[in-house]
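A.B. asks: here is a sequence together with a model predicted from it:
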Amino acid sequence: MGILNKMLGLIKKKLLGKSLKKSTWYGVVGLVLWVALSTVGFAEGYSLDWEVGVETRLFTEGASYEQQNHTVSIRTQAEFYYAWNNGNDSVEFVPWYVVDQQDEERTHGDIQELAWIHVGDDWELRTGVRKVFWGVTESVHLVDIINQSDMTLSLDGEDKLGQPMINLSLVNDWGIVDFFILPGHRKRLFAGEDGRPRSTFVVTEEDATYESSDEDHRIDAAIRWQVSIDDWEIALSHFSGTSREPTILPVPNADLELLTFYPVIDQSGLEVQYIAGDWIWKLESIVRSGQGDQYTAAVGGTEYTQVGVFDTDIDIGWIAEVTSDDRGLDAPHFSERDIVVGTRWALNDAANSQALIVVSVDSKTGEQLWSLEASRRFYDSWFVTIEMLVFANAGDAPTVADMMSGNVDIRRKMAAFSNDDYLQVEVVKYF
């Protein structure tokens, strides 16, 4: 009960969280609500679903930076959908909130979707807060740049914050073209001092600086063309605006916190996927300028699926990818030169049981990151997910004194997380 009372107290104290304090965001949200409420007659149907999840994360070793060995969090999410005008107009609303036992930065909420969508004969207009995903590979999503990453929820950057936007999509025989106007920038969220796993120094979104004189009010833009030709799927994209990936300033402040700087960038991206029977060949590549010297990065590989192995309903996929970033050690992530292998299991049963195991190996240092994601439904409305992260051959975690003196091996980017292997279990109830 002590943990629950603490969580309820945090909800009252931080009802909507710092991540929602955006005047530009509120402006777009207000526009969506005004349009929706002024045109909806509430004569047609709607759907409302919501879920509550309890998650526990257990670490196998003592923390490097005095955090706890376990944490519990509670999450709730709602999904509202309303359509009218014979389905040509609709509103989607998806808010969520997380309360964490240990990490104050992880206790926050967000609006993932709050958008009015209008469908024409060969076009769609989507206005509001939305999530947009680009990419085809498994290990890294280089081209996925529209939404900001929420690193308090996971290290892989796949948990995203909602982005205000106006998105016009044109559908033609020669492909789909999407135009994006993106008013306002959202800062990346990082684990706090009590969060785990985290780096040696706390990276904070507070006091972030911007290259643009408009700071987080700058209006960005993007365009993407995608087409399917026989067994090929190809997409080209370009983004111009404030980077979603901050530059971490190298000198910590008096509170031993690293600050962030957001430059203005241009990024062009390529996605290619080729399906040949049971084989899928994938490639993502980008060229980015404005964030230091111009650089290129790529990830490519294949996935082979064995369908109905051993005369059962089970499908097994085998994954192999290679990552490359020509910044080398200057790249701010783990995946600048990795070899990735993994396997995906789909039992194709009534409970929708599935699992994914992936290991990434640094081809120079031998550092390894093992991950497991498994899920299964039980009863009619319950769902359990299991995640595991293991940092192998990462070296010893550097102390603050080591970092201040420069007595670290800069090649070992996982060293700060070497004691942070964990198992995470979440149970979700759907209503």
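C.D. replies: Looks like it came in fine.

A.B. asks: ok, Arg186 to Asp220 distance?
C.D. replies: Going from Arg186 to Asp220 by CB to CB, to the nearest Å gives 11 Å. In short, each C-beta sits where N, CA and C put it, glycine included.

A.B. asks: where does the stretch 1-150 of the chain have low pLDDT?
C.D. replies: 1-45 (pLDDT under 70).

A.B. asks: give me that answer again for 90
C.D. replies: Residues of the stretch 1-150 of the chain meeting the criterion pLDDT under 90: 1-46, 63-67.

A.B. asks: any idea where the helices of it begin and end?
C.D. replies: Taking DSSP state H, counting those that start in this stretch to define them, one finds helices in the stretch 1-150 of the chain at 2-13, 23-39.

A.B. asks: so Gly162 sits against Glu113, correct?
C.D. replies: Yes. Between Gly162 and Glu113 there is a contact under CB atoms under 8 Å: 6.5 Å.

A.B. asks: quick one: which of those two has more around it?
C.D. replies: Remark: of Gly162 and Glu113, Gly162 carries more neighbours, 25 against 19, as counted by other CB atoms under 10 Å.

A.B. asks: count of neighbours near the residue nearest to the more buried one when sequence neighbours are not counted?
C.D. replies: Excluding the flanking residues, the one nearest Gly162 by CB to CB, 6 or more residues apart in numbering is Val129, at 4.1 Å. When neighbours are counted by other CB under 10 Å, Val129 registers 26.

A.B. asks: isn't Val129 right up against Asp110?
C.D. replies: No. In this structure, Val129 is not within contact of Asp110 by CB under 8 Å, at 9.1 Å.

A.B. asks: first-to-last residue distance for stretch 189-198?
C.D. replies: 12 Å (CA to CA, to the nearest Å).

A.B. asks: average model confidence for that stretch?
C.D. replies: Mean pLDDT, computed over stretch 189-198, is 91.

A.B. asks: for that stretch, what is the distance to the chain centroid?
C.D. replies: 16 Å (CA atoms, centre = their mean, to the nearest Å).

A.B. asks: contacts for that stretch next, please.
C.D. replies: Stretch 189-198 has contacts (CB atoms under 8 Å, 6 or more residues apart in numbering) with 19, 57, 59, 63, 65, 67-68, 71, 102-106, 108, 148-152, 155, 161, 202-205, 389, 416-417, 420, 422.

A.B. asks: now it: buried residues?
C.D. replies: The neighbour-count check on stretch 189-198 (16 or more other CB atoms under 10 Å) flags Leu189, Phe190, Ala191, Gly192, Glu193, Asp194, Gly195, Arg196, Pro197, Arg198 as buried.

A.B. asks: cool, stretch 285-295 as well?
C.D. replies: Ser285, Ile286, Arg288, Gly290, Gln291, Tyr295.

A.B. asks: ok, these vs Phe310, which is closest?
C.D. replies: Ser285 (37.6 Å; CB to CB).

A.B. asks: excluding residues flanking it in the chain, which one is nearest that closest one?
C.D. replies: Per CB to CB, 6+ apart, closest to Ser285 is Ala298, 4.1 Å.

A.B. asks: on that earlier part again, the buried residues of stretch 285-295: which two are farthest apart?
C.D. replies: Ser285 and Gly290 (17.5 Å).

A.B. asks: tell me where the stretch 251-400 of the chain is predicted with low confidence.
C.D. replies: Those would be 251-259, 310, 328-336, 364, 380, 394-400, if you go by pLDDT under 90 across the stretch 251-400 of the chain.

A.B. asks: all helices for it, in order.
C.D. replies: Using DSSP H, counting those that start in this stretch, helices in the stretch 251-400 of the chain cover 400-405.

A.B. asks: let me see the ranges of the strands in it.
C.D. replies: All strands of the stretch 251-400 of the chain, identified by DSSP state E, counting those that start in this stretch, fall at 257-258, 260-262, 264-276, 279-290, 292-306, 315-325, 338-346, 354-362, 368-378, 382-392.

A.B. asks: who does the fifth one pair up with?
C.D. replies: Counting by DSSP bridges, the strands paired with strand 292-306 are strand 279-290 (antiparallel), strand 315-325 (antiparallel).

A.B. asks: what of the shortest one?
C.D. replies: Strand 257-258 has its sheet partners listed here by DSSP bridges as strand 202-203 (parallel).

A.B. asks: show the average pLDDT along the partner strand.
C.D. replies: In this model, strand 202-203 carries a mean pLDDT of 88.

A.B. asks: check stretch 234-249 too.
C.D. replies: Here stretch 234-249 scores 96 as its mean pLDDT.

A.B. asks: ok, back up a step: list residues touching both of Gly162 and Glu113?
C.D. replies: Residues within reach of Gly162 and of Glu113 at once, by CB under 8 Å, 6+ apart, are Val129, Arg130, Lys131.

A.B. asks: which of those sits closest to Asp49?
C.D. replies: Looking across the shared contacts of Gly162 and Glu113 and measuring by CB to CB, the closest to Asp49 is Lys131, at 17.0 Å.

A.B. asks: got the contact list for that closest one?
C.D. replies: The neighbours of Lys131, taking CB under 8 Å, 6+ apart as the test, are Gln112, Glu113, Asn147, Lys160, Gly162, Gln163.

A.B. asks: so Tyr97 touches Ile111, yeah?
C.D. replies: No. Between Tyr97 and Ile111 there is no contact under CB under 8 Å: 10.3 Å.

A.B. asks: can you redo the buried residues of stretch 189-198 as JSON lines with distance to Glu138?
C.D. replies: Below are the buried residues of stretch 189-198 laid out as JSON lines (distance: CB to CB, whole Å):
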{"residue": "Leu189", "distance to Glu138": "24"}
{"residue": "Phe190", "distance to Glu138": "24"}
{"residue": "Ala191", "distance to Glu138": "24"}
{"residue": "Gly192", "distance to Glu138": "30"}
{"residue": "Glu193", "distance to Glu138": "33"}
{"residue": "Asp194", "distance to Glu138": "32"}
{"residue": "Gly195", "distance to Glu138": "26"}
{"residue": "Arg196", "distance to Glu138": "26"}
{"residue": "Pro197", "distance to Glu138": "21"}
{"residue": "Arg198", "distance to Glu138": "25"}
